[in-house]
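Participant: fold the following, please.
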Amino acid sequence: MCTLNYMDEKIAPKKITINVRQDLMKGVYANAVRLSVNDNEVLLDLAFIAKDKNEPYGELVSRVIISPKFARRLADSISNTLDLHIKRQPK
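Facilitator: Model (predicted):
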């Protein structure tokens, strides 16, 4: 078991300790996503697609269900983080 410390500006200054099972620490690799959205939830199906010579092979590696509000925050956070990463890259 590993412990992550999580700080949220909406909750600050409280610190939340999130325990992570060892089997989740290695993560999964995904190169495809399917999004489904309704008024109450956003469903992300993350998959790995291998391009076999005979026939492509795919496997669902994770399904994440989140609220639309959290999905917007996640999208903004990913966008901001990628923007910062790109700005730091040498030209």
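
Participant: quickly find the element holding Phe48.
Facilitator: strand 42-50 (DSSP states H and E).

Participant: I'd like the next helix or strand past that strand.
Facilitator: Strand 42-50 is succeeded, C-terminally, by strand 57-66 (DSSP H and E).

Participant: can you name every helix or strand that that following strand contacts?
Facilitator: Secondary-structure packing of strand 57-66 (3 or more Cβ pairs under 8 Å, 6 or more residues apart in numbering; DSSP states H and E): strand 42-50. (Each C-beta comes from the backbone N, C-alpha and C, glycine too.)

Participant: pLDDT on the strand it packs on, on average?
Facilitator: When pLDDT is averaged along strand 42-50, the result is 96.

Participant: ok now that strand, how far from the chain's centre?
Facilitator: Distance of strand 42-50 from the chain centroid (Cα atoms, centre = their mean, to the nearest Å) equals 11 Å.

Participant: re the thing from before, contacts made by the strand holding Phe48 with the rest, please.
Facilitator: With contact meaning Cβ atoms under 8 Å, 6 or more residues apart in numbering, strand 42-50 is reached by 28-37, 56-68, 70-71.

Participant: for that strand, buried residues please.
Facilitator: Buried residues in strand 42-50, counted by 16 or more other Cβ atoms under 10 Å: Val42, Leu44, Asp45, Leu46, Ala47.

Participant: ditto for stretch 72-91
Facilitator: By neighbour count on 16+ other Cβ under 10 Å, the buried set for stretch 72-91 is empty.

Participant: could the C-alpha coordinates of it be exported in CSV?
Facilitator: C-alpha atoms of stretch 72-91 as CSV (Å, rounded to 0.1, in the frame of the first residue of the first chain):
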residue,chain,number,x,y,z
ARG,A,72,-14.8,19.9,-16.8
ARG,A,73,-12.3,20.4,-14.0
LEU,A,74,-10.3,17.5,-15.2
ALA,A,75,-10.3,18.7,-18.8
ASP,A,76,-9.2,22.2,-17.7
SER,A,77,-6.4,20.7,-15.5
ILE,A,78,-5.1,18.4,-18.3
SER,A,79,-5.2,21.4,-20.7
ASN,A,80,-3.3,23.7,-18.3
THR,A,81,-0.8,21.0,-17.4
LEU,A,82,-0.1,20.2,-21.1
ASP,A,83,0.3,23.9,-21.9
LEU,A,84,2.9,24.3,-19.2
HIS,A,85,4.7,21.2,-20.3
ILE,A,86,4.9,22.4,-24.0
LYS,A,87,6.1,25.9,-22.9
ARG,A,88,9.0,24.3,-21.0
GLN,A,89,10.1,22.2,-24.0
PRO,A,90,13.2,23.5,-25.9
LYS,A,91,12.5,25.0,-29.3
